[in-house]
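In: Provided below are the primary sequence and the corresponding predicted coordinates.
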Amino acid sequence: MFIRIVNVKFASEIEADAMQAYAEHELINKLPGILSVEVVRITKLHSVVINKFKNQQYAEESKEIIINKMKQNPNIKIETFEGERSFIKEKS
């Protein structure tokens, strides 16, 4: 499993709300090989998104669809971190 963590800061609440709605309702169906999308809203203008992909190839393909387009918007500051998931430990 390949994980992408996206740190996103918006210039306005309208853009932040629009991206939240897009992630919640459409992103999961648009990105190839995506397993999950989790959004943590830190403030009204700052969110952290955790995307889980089947593998690195799917994560790379998704960059063209969403990440590179977001980077072109001057009202959005975006920072990404990616890598293979080392382990997951959940309390039962």
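Out: Good, I have the coordinates.
In: quick one: terminal-to-terminal distance for stretch 54-68?
Out: End-to-end distance of stretch 54-68: 20 Å, with CA to CA, to the nearest Å as the criterion.
In: now what about it, what contacts it?
Out: Defining contact as CB atoms under 8 Å, 6 or more residues apart in numbering, one finds that stretch 54-68 is touched by 1-2, 4, 6, 27, 30-35, 51, 53, 78, 80, 82, 84. C-beta here means a position set from N, CA and C on the backbone, and glycine is covered the same way.
In: which helix in this structure runs the most residues?
Out: In the chain, ranked by residue count with DSSP state H as the criterion, the top helix is helix 13-22.
In: what is the rounded mean pLDDT of the helix or strand just after it?
Out: Where DSSP states H and E defines the elements, the next helix or strand beyond helix 13-22 is helix 28-30. Mean pLDDT, computed over helix 28-30, is 89.
In: Quick one: residues in contact with helix 28-30.
Out: For helix 28-30, using CB under 8 Å, 6+ apart, the contacting residues are 34, 36-37, 65-66.
In: Direction included, what does the helix or strand following it pair against?
Out: Scanning forward in sequence from helix 28-30 by DSSP H and E, the next helix or strand is strand 34-41. Partners of strand 34-41 in the sheet, by DSSP bridges, are strand 46-53 (antiparallel).
In: what's next to the strand it pairs with, contact-wise?
Out: 1-10, 16, 19-20, 23, 31, 33-42, 59, 62, 85.
In: Just read off the phi/psi values of residue 69.
Out: Main-chain dihedrals, residue 69, degrees, to the nearest 10: phi -70, psi -40.
In: In TSV: the contacts of helix 28-30, plus neighbour count, distance to residue 92 and pLDDT.
Out: Output for the contacts of helix 28-30, formatted as TSV (neighbours: other CB atoms under 10 Å; distance: CB to CB, whole Å; pLDDT from 0 to 100):
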residue	neighbour count	distance to residue 92	pLDDT
34	18	26	94
36	11	20	94
37	16	25	93
65	12	36	87
66	20	34	89
